[in-house]
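> I'll drop the sequence and a predicted model, then ask my questions.
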Amino acid sequence: MLTDRQKLILQAIVLAYTETGHAVGSKKLVEMLSISVSSATIRNEMAVLEDFGLIQKEHTSSGRIPSLAGYRYYVDHLKHRDILIGQNDLSMIRQSLNGSYAKVDEIIANSTNMLSKLTSYTALAIKPEISDVRLSGFRLVPLGNHQVLAILVTDSGEVESQQFAIGKDVSGDQLEAIVRIVNDQLVGQPLSIVLQRLLTDIPIQITQYLKTPDGFLQTFGQALDRATSDQFFVGGRLNLLDFSSIDDPTTIKDLYHLLSNKTDMHDMMIPSQMEDSTKVSVKIGDEIANDLLKNYSLLTATYDVGNHGRGMIAILGPTRMSYSRTIGLLGAFKQELTNKLINYYQFYDE
């Protein structure tokens, strides 16, 4: 158990180091602390904090820097003492989400880019996922030159489209017949059932109107795959390398490509069962369980849009980050993004 003075000193070391990147000495702490205390007393308290494993020496300086355990203690016990987010940041978040969007993907992609700009770190997001998404509409639009645009809509608000070629002898009436088959038999069905029927009885029915239905079936299947996949978005990908002290090109390449591995990043973003999903989750260093990210921290927030599912947004940055501000930004962004998506879905549902 730390004393109040030791907490103040640890807090000051974390704040000074995250701001400047320089080790903090006792003289600097005398200037920073709001209490009247000598350098000798501070050095004694720093020795205690070092024994506890909360701060450590930096080889190039006589000062101290936070350890991973020190950051963990700060996040768990001390960050609430700092201002989390300013009004200017909140205004920028609201302004960035104030535009008109045609798809949920556009909202999420814009969110990651804006969050990355606000923090100078890498932002990650997963759009809302629901297990029982259903097909709610389907159209075939002739484009001329034997090209057709297939458009499908789900009840989660997703609109997917893809172009494919048809034979010269396919008429508009035949295309309408295919649309009726899909709308009569597949609209209202869960996408998992739709995908299953594309492999069984639907191809047999469509061959009445298309001699070679492979192009249509492949197009429709690809559009459904995109609609059912949990889209993963990254903003500020290169920001991750700005804080890397690694000189090995292979490791840097692995670090960069890690962000493209949807499965690995998804697994790392999911909070543990012990964590409160309503709060910002903070994983520091080896808590992320990936050697490439041992010098980074991952902050994750889950947002809930009711019947339309839950998604996640996250910040990946160095362990030497401004935790209070970043946690505040992520929490505020989560709330504003939730409001934006709820409004989007309400408009679509109407």
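Perfect, I can see it now.

> do a quick rundown of the helices in the stretch 151-300 of the chain.
Here the stretch 151-300 of the chain has its helices, by DSSP state H, counting those that start in this stretch, at 172-185, 191-198, 202-206, 214-228, 239-242, 249-258, 262-269.

> contact partners of the fifth one?
Residues from elsewhere that reach helix 239-242 (Cβ atoms under 8 Å, 6 or more residues apart in numbering): Ser116, Ser120, Tyr121, Thr122, Ile252, Leu255, Tyr256, Leu259, Tyr296, Leu316, Gly317. Where you see a C-beta, it was placed from the backbone N, CA and C, and this is true even at glycine.

> name the spans of the stretch 101-250 of the chain whose pLDDT lies under the cut-off.
When residues are selected by pLDDT under 70, those of the stretch 101-250 of the chain lie in 129-132, 156, 226-230, 244-248.

> give me the distance from the one helix or strand Ile93 maps to to the chain's centre.
Per DSSP states H and E, Ile93 falls inside helix 87-96. Remark: helix 87-96 is offset 19 Å from the chain centroid, using Cα atoms, centre = their mean, to the nearest Å.

> re the thing from before, so among the contacts of helix 239-242, which ones count as buried?
Buried members of the contacts of helix 239-242, scored by 16 or more other Cβ atoms under 10 Å, are Ser116, Tyr121, Thr122, Leu255, Leu259, Tyr296, Leu316, Gly317.

> partners of the residue most central in space within the chain in the sheet?
By Cα atoms, centre = their mean, the chain has its centre lying nearest to Ala125, at 2.0 Å. Ala125 has these beta-bridge partners by DSSP bridges: Phe233, Ile313.

> would you confirm that it contacts Met114?
No: checked against Cβ atoms under 8 Å, the pair Ala125 and Met114 is beyond contact range at 10.7 Å.

> what sits in contact with each of these two?
By Cβ under 8 Å, 6+ apart, the residues touching both Ala125 and Met114 are Gly235.

> list the contacts of the helix or strand following the helix holding Ile93.
Later in the chain than helix 87-96, the nearest helix or strand by DSSP H and E is helix 104-119. The contact list for helix 104-119 (Cβ under 8 Å, 6+ apart) reads 89, 92-93, 96-97, 99, 101, 122-125, 127-128, 156-158, 231, 233-236, 239, 311, 313, 315, 317, 326, 329-330, 333, 337, 340-341, 344.

> buried subset of those?
Using 16+ other Cβ under 10 Å as the threshold, 89, 93, 96-97, 122-125, 127-128, 156-158, 231, 233-236, 239, 311, 313, 315, 317, 326, 329-330, 333, 337, 340-341, 344 are the buried ones among the contacts of helix 104-119.

> quick one, what contacts the nearest residue to Leu143 once chain neighbours are set aside?
Leaving aside its chain neighbours, Leu143 sits nearest to Leu149 (5.6 Å; criterion: Cβ to Cβ, 6 or more residues apart in numbering). Listed by Cβ under 8 Å, 6+ apart, the contact set of Leu149 reads Leu140, Val141, Leu143, Ser161, Gln162, Gln163.

> could those residues be laid out in a markdown table, adding neighbour count and distance to Ser322?
Rendered in a markdown table, the data for these read as follows (neighbours: other Cβ atoms under 10 Å; distance: Cβ to Cβ, whole Å):
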| residue | neighbour count | distance to Ser322 |
| --- | --- | --- |
| Leu140 | 19 | 52 |
| Val141 | 13 | 50 |
| Leu143 | 10 | 51 |
| Ser161 | 14 | 42 |
| Gln162 | 16 | 44 |
| Gln163 | 11 | 47 |
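
> mind listing which of these are in strands?
Within the contacts of Leu149, residues falling in strands by DSSP state E are Leu140, Val141, Leu143, Ser161, Gln162, Gln163.

> now, which of those sits nearest Val133?
Nearest to Val133 among the ones in strands among the contacts of Leu149 is Ser161, at 16.7 Å by Cβ to Cβ.

> tell me who's in contact with the closest one.
Counted by Cβ under 8 Å, 6+ apart, Ser161 has contacts Leu149, Ala150, Ile151, Leu152, Ala223.

> how about a cut-off of 10 Å?
Taking Cβ atoms under 10 Å, 6 or more residues apart in numbering, we find Ser161 in contact with Arg139, Val141, Leu149, Ala150, Ile151, Leu152, Val153, Thr219, Ala223, Arg226.

> ramachandran angles for the residue of the chain positioned farthest from its centre?
In the chain, Asp169 marks the outermost C-alpha relative to the chain mean, sitting 47.2 Å out by Cα atoms, centre = their mean. Dihedral angles of Asp169 (phi, psi; degrees, to the nearest 10) stand at phi -90, psi 0.

> distance of it from Thr212?
Using Cβ to Cβ, to the nearest Å, one gets 11 Å for the distance from Asp169 to Thr212.

> what's the most distant pair in the buried ones among the contacts of helix 239-242?
Across the buried ones among the contacts of helix 239-242, the longest distance by Cβ to Cβ is 16.3 Å; it joins Ser116 and Leu255.

> can I see the domain layout of this structure?
4-81, 87-130+231-349, 135-228 (automatic domain parsing).

> for the closest residue to Val141 other than its chain neighbours, helix, strand, or coil?
Nearest residue to Val141 in three dimensions, chain neighbours excluded: Leu149, at 4.4 Å (Cβ to Cβ, 6+ apart). Classification of Leu149 by DSSP: H, G, I helix; E, B strand; the rest coil places it in strand.

> which strand residues bridge Leu149?
Val141, Gln163.

> still on that earlier bit, distance to Leu186 added to the buried ones among the contacts of helix 239-242, as JSON lines?
Shown next, in JSON lines, are these (distance: Cβ to Cβ, whole Å):
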{"residue": "Ser116", "distance to Leu186": "39"}
{"residue": "Tyr121", "distance to Leu186": "43"}
{"residue": "Thr122", "distance to Leu186": "39"}
{"residue": "Leu255", "distance to Leu186": "43"}
{"residue": "Leu259", "distance to Leu186": "36"}
{"residue": "Tyr296", "distance to Leu186": "45"}
{"residue": "Leu316", "distance to Leu186": "40"}
{"residue": "Gly317", "distance to Leu186": "44"}
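
> I am finished for the moment; much appreciated.
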